[in-house]
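Trainee: Sequence and predicted structure are below.
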Amino acid sequence: MVWRTAKEDRMTKKIGVLMDPIGDITAYKDSTLAMLLEVQRRGWEPVVMTLSDVFVENGVCQGQYTRVEVRDDPDDWFTLGEPTTAPLHHLDALLMRKDPPFDMEYIYATYALELAEGRGLLVVNRPQSLRDFNEKFSTTLFPQCCPETLVTRDPLRLRAFVGEHEQAVIKPLDEMGGSSVFKTARDDQNLGALVEMMTHHGQRTVMIQRFIPEITAGDKRILLVNGEVIPYGLARIPAPGEFRGNLAAGATGRGVELSERDLWICQQIGPALAERGLVFVGIDVIGDYLTEINVTSPTGIRELDKLFDLNTAKTLFDAVERLLNR
């Protein structure tokens, strides 16, 4: 007798999305909702789950997931069906779209998803790479694309860096949305206290980069799908009195065509992302320089689609389908 898996016995692909509770999202701008809408447009079956729905029993990663019907309606965007519990490798693919914090609970989830991946589940993005590819530290793999950068917890080295470059931006390695990111300068009387606070008196590693004055033109979010660039970006213009180009910090978005330098940066990093199974990635570029590589739950789909009449989720699931058919 030939045993078949659940996915081999059905014609319609079943796509799981591990995310925060769907009722808590901001529907009109949520990239994960755009992905679910595209799954549904294809006639595939979307199911959703949260971290608490995933468990491992006797070495098998399982999940309690729920069929969802989605609508592009900011006031009424979903209807949930009845939950089902089954091994996650019975799905055709799963999108890991849980927002940070990137804490131990997130890491435990990647361990669980790696077990399902080992049984044939396509996980986007690859669990090991989610662990390995810290969104700030990973830029150091591509120094040719970055501004002058130092990663350390040594207060003396940090202060020397600021002295050399006159102005700098110091940031933690484990925050998002511009949280706890500070601009400082050689003549900043608070520099010593800032370094002490950021490093917990030399006990926490941070990143410091030369300040890029072109931030006034925006912090560009650029999306890559399996290493290939979407040819437009979202320039996030800092709010008055701010230097952080984060929408969460009050920045406003403006659509832009990518420059030759932007495309060159994407050519430098794209193959490495695809090789690591990082299928959907959002990079941040200020002026001519790469500053972050966002791999956990990159956003920007809804804004770019609206500005440039795109369907980025279609591009993503075209790539997912090719990966499933390899």
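Mentor: Yep, that arrived.

Trainee: Pro240 and Thr184, how far apart?
Mentor: 20 Å (Cβ to Cβ, to the nearest Å). The way it works is simple: take the backbone N, C-alpha and C, and place the C-beta from them, glycine included.

Trainee: what residue ranges in the stretch 1-150 of the chain score low on pLDDT?
Mentor: Applying pLDDT under 70 to the stretch 1-150 of the chain picks out residues 1-10.

Trainee: As a check, name the ranges of all helices in it.
Mentor: 31-41, 104-118, 127-132 (DSSP state H, counting those that start in this stretch).

Trainee: and of these, who's closest to Asp73?
Mentor: Set against Asp73 and scored by Cβ to Cβ, the helices of the stretch 1-150 of the chain come closest in helix 31-41, at 10.1 Å.

Trainee: picking up where we left off before, would you turn the helices of the stretch 1-150 of the chain into JSON lines with distance to Phe161 and mean neighbour count?
Mentor: Putting the helices of the stretch 1-150 of the chain into JSON lines (distance: least, Cβ to Cβ, whole Å; neighbours: other Cβ atoms under 10 Å) gives the following:
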{"stretch": "helix 31-41", "distance to Phe161": "35", "mean neighbour count": "22"}
{"stretch": "helix 104-118", "distance to Phe161": "30", "mean neighbour count": "17"}
{"stretch": "helix 127-132", "distance to Phe161": "26", "mean neighbour count": "19"}
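
Trainee: So which of those helices is nearest Glu148?
Mentor: Of all those, helix 127-132 sits nearest to Glu148, with 24.1 Å by Cβ to Cβ.

Trainee: In terms of secondary structure, what does that closest one contact?
Mentor: Using 3 or more Cβ pairs under 8 Å, 6 or more residues apart in numbering; DSSP states H and E, the elements in contact with helix 127-132 are helix 104-118.

Trainee: Settle it for me: which of Pro240 and Thr184 has more neighbours?
Mentor: In terms of neighbours (other Cβ atoms under 10 Å), Thr184 is the more surrounded of Pro240 and Thr184; the figures are 20 against 6.

Trainee: so Leu94 bridges to which residues?
Mentor: Counting by DSSP bridges, Leu94 is bridged to Gly16, Val123.

Trainee: Return the distance of it relative to Ala185.
Mentor: Counting by Cβ to Cβ, the separation of Leu94 from Ala185 is 46 Å.

Trainee: Could you report the neighbour count for the nearest residue to Ala319 once chain neighbours are set aside?
Mentor: Nearest residue to Ala319, sequence neighbours excluded (Cβ to Cβ, 6 or more residues apart in numbering): Asn226, at 4.3 Å. Applying other Cβ under 10 Å, we find 20 residues neighbouring Asn226.

Trainee: hmm, back to that, neighbour count: Leu94 and Ala185, which is higher?
Mentor: Leu94 (27 against 15).

Trainee: Surely the more buried one and Ile15 touch.
Mentor: Yes - the pair Leu94 / Ile15 is scored as a contact, 7.4 Å apart, by Cβ atoms under 8 Å.

Trainee: for the helices of the stretch 1-150 of the chain, which one sits closest to Ala235?
Mentor: Comparing the helices of the stretch 1-150 of the chain by Cβ to Cβ, helix 31-41 comes nearest, at 17.4 Å.

Trainee: Only the buried residues of stretch 223-241, if you could.
Mentor: Along stretch 223-241, these residues count as buried under the neighbour rule (16 or more other Cβ atoms under 10 Å): 223-227, 229-230, 232-238.

Trainee: What of stretch 138-149?
Mentor: For stretch 138-149, the neighbour count (16+ other Cβ under 10 Å) marks Ser138, Thr139, Cys145, Cys146, Pro147, Thr149 as buried.

Trainee: Centre of the chain to that stretch, how far?
Mentor: Averaging C-alpha positions (Cα atoms, centre = their mean, to the nearest Å) puts stretch 138-149 18 Å from its chain's average.

Trainee: Now do the same contact list for the nearest residue to Phe243 once chain neighbours are set aside.
Mentor: Nearest non-adjacent residue to Phe243, counting by Cβ to Cβ, 6+ apart: Lys183, 5.0 Å away. Shown in contact with Lys183 (Cβ atoms under 8 Å, 6 or more residues apart in numbering): Gln167, Ala168, Val169, Phe211, Phe243.

Trainee: partners of Lys183 in the sheet?
Mentor: Under the criterion used (DSSP bridges), Lys183 bridges to Val169.

Trainee: Report the separation between it and Gly300.
Mentor: Taking Cβ to Cβ, one finds Lys183 at 24 Å from Gly300.

Trainee: just Leu194 next, same as before
Mentor: Noted for Leu194: a distance of 30 Å to Gly300, by Cβ to Cβ.

Trainee: same check, this time on Val181
Mentor: As defined by Cβ to Cβ, Val181 lies at a distance of 19 Å from Gly300.
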